[in-house]
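In: Next come a sequence and a model predicted from it.
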Amino acid sequence: MRVLYLLNVSNSSQLAADSGFTFADLIAPALTDAGAEVTVASPVPVGDARVHFALTTSPSTKYRARFDPGMDALVALFRNRRPEVVVANQIEAAPAIRAALLEAGVDALIVGYCHYLPFSFTDTGPGALELDPAMDDGGLGRSVLLAFTAGLAACDRVLVHSSTAAAWTTAAAVRTGVDLGEKLHIVPAPRDVRLVRDPADITPPEGRATGIYNHRLYAHYGTARFTGLARRLVAEAPVRLTVMDLFGTRSPERVRLDPSPERHLEELATTDGVAIASDHGDRVRYRDLLADAHFGIAPFRPGCPWSMSVIDCQAMGLPVIGPRTGWLAEHIDNELLFDTDEQAVRITTRLATDPEFYLLHAKRAYASTAELAPATVAARYLEAIQ
């Protein structure tokens, strides 16, 4: 099977902060091991030399990625590579991919992987759809939603990370008259083999714990809510926090579009008990930062259908606490979920002071990623796209 994986890299200068690239870097070699001939079309190659590479130029903004996929380049790529399967990690590009395949005279299956949903559904009322504010600059949110569902219609297979993502994607499709039929499949993301630690090697905290927050600091990730919680935790619980700076110095264009990461980073850096850290794109350094922590904190993003950073912590045997919302409520152990800051303070205090409770949840965290080995996920991936 010849698989052409179309990868839009949004952070080519900070690949460690690009979960889409990390996903491709893990799954493409695993698909190769399973017998597929994989080509990644991207601005940068993945790390395994067995995976073929086709150089492409990523759209310069998140909106160009959705509305200007580059038809001429797609047609030329399809004629050159003659794929049997085309994977679109930007769902909105699927109609253009379909049209380009027709123009190129190539018959290929189109597989869309919903790495990101530009909407969520709230619990405040039946079927209350919320547009993602990150995709709503200039009122574009509704157009992005319609482009997304148009992409679902153009795909032969639609893959999502979780049951939550499947439910939300199905509901959005129904609202716009798209019948997903039997083409929707749940295929979780693989865990990073470099970030796996046996819980037997973990020592529980001795009365004081370090928590790590390893998510992007965009406003739409709920960073303001996290900042408020961070102040409560370091003041009221026996914990200190490490917050990762995943972006470093961003380009003026990105800052102009959304300055919230810089603003939140500055606010967190001046909070007593909170340390800012960076892995500088080094996965060994990232592993060390995780290993130095005792627990992770999930993002407060309402439309969270999955989080690679949460999986990173859990695969390292770190219990992750999180708000009771979206995929987090599906995946994180119920004893570590909270609705209020007061509950979060109680949970972290217990993790810091109750070794038996801590080790139990370290083992559960690790176990929750057991089925996410790249080979296991690749087998599910190939089964879904047959």
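Out: That came through, no problem. Residues are numbered from 1 along each chain as shown.

In: Only C-alpha atoms from now on, for both contacts and neighbour counts.
Out: Will do.

In: in the protein, which helix or strand is least confident?
Out: Ranking every helix and strand in the chain by mean pLDDT, DSSP states H and E puts helix 252-257 at the bottom, with a mean of 76.

In: Okay, buried residues for the helix or strand just after it please.
Out: With elements assigned by DSSP states H and E, the helix or strand that comes after helix 252-257 is helix 260-269. Across helix 260-269, burial judged by 16 or more other C-alpha atoms under 10 Å covers 260, 261, 262, 264, 265, 268.

In: any idea how far residue 313 is from the first one?
Out: In this structure, residue 260 and residue 313 are 25 Å apart, going by C-alpha to C-alpha, to the nearest Å.

In: Counting neighbours, what do you get for residue 177?
Out: A count of neighbours around residue 177, defined by other C-alpha atoms under 10 Å, yields 11.

In: three-state assignment of it?
Out: Residue 177 carries the three-state label coil when classified by DSSP: H, G, I helix; E, B strand; the rest coil.

In: That one and residue 376, how far apart?
Out: Residue 177 sits 34 Å away from residue 376, going by C-alpha to C-alpha.

In: for residue 189, same thing?
Out: Distance from residue 189 to residue 376, by C-alpha to C-alpha: 10 Å.

In: right, and residue 62 touches residue 68 too?
Out: No - here residue 62 does not reach residue 68: they are 9.9 Å apart, not a contact under C-alpha atoms under 8 Å.

In: Show me the shaky parts of the chain.
Out: Across the chain, the ranges flagged by pLDDT under 70 are 11-14, 16-17, 123-127.

In: For residue 316, list the residues it contacts.
Out: 195, 196, 197, 198, 199, 290, 291, 366 (C-alpha atoms under 8 Å, 6 or more residues apart in numbering).

In: swap that for residue 179, sorry
Out: Residue 179 sits next to 153, 173 when contact means C-alpha under 8 Å, 6+ apart.

In: what does residue 264 give?
Out: So residue 264 contacts 217, 218, 219, 223, 224, 227 (C-alpha under 8 Å, 6+ apart).

In: Pipe those residues into JSON lines and attach secondary structure, distance to residue 72 and neighbour count per row.
Out: JSON lines is the format used below for these (DSSP: H, G, I helix; E, B strand; the rest coil; distance: C-alpha to C-alpha, whole Å; neighbours: other C-alpha atoms under 10 Å):
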{"residue": "217", "secondary structure": "coil", "distance to residue 72": "35", "neighbour count": "25"}
{"residue": "218", "secondary structure": "coil", "distance to residue 72": "33", "neighbour count": "19"}
{"residue": "219", "secondary structure": "helix", "distance to residue 72": "35", "neighbour count": "19"}
{"residue": "223", "secondary structure": "helix", "distance to residue 72": "39", "neighbour count": "22"}
{"residue": "224", "secondary structure": "helix", "distance to residue 72": "42", "neighbour count": "18"}
{"residue": "227", "secondary structure": "helix", "distance to residue 72": "45", "neighbour count": "17"}
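
In: Out of the residues you listed, which two sit at the greatest distance?
Out: Spanning the widest gap among those are 218 and 227, at 11.9 Å by C-alpha to C-alpha.

In: and residue 18, how many neighbours?
Out: 18.

In: In this structure it contacts residue 10, no?
Out: Yes - Residue 18 lies in contact with residue 10 (C-alpha under 8 Å); the separation is 6.8 Å.

In: List the contacts of residue 46.
Out: Applying C-alpha under 8 Å, 6+ apart, the residues contacting residue 46 are 21, 24, 25, 40, 53.

In: mind checking how far residue 166 is from residue 382?
Out: As judged by C-alpha to C-alpha, residue 166 and residue 382 stand 18 Å apart.

In: Look at the residue nearest to residue 202 when sequence neighbours are not counted and say how many residues are nearby.
Out: Distance criterion C-alpha to C-alpha, 6 or more residues apart in numbering; nearest residue to residue 202, sequence neighbours excluded, is residue 317 at 7.5 Å. Applying other C-alpha under 10 Å, we find 32 other residues in the vicinity of residue 317.

In: just the one 10 residues further on next, same as before
Out: Residue 327 sits with 19 neighbouring residues when counted by other C-alpha under 10 Å.
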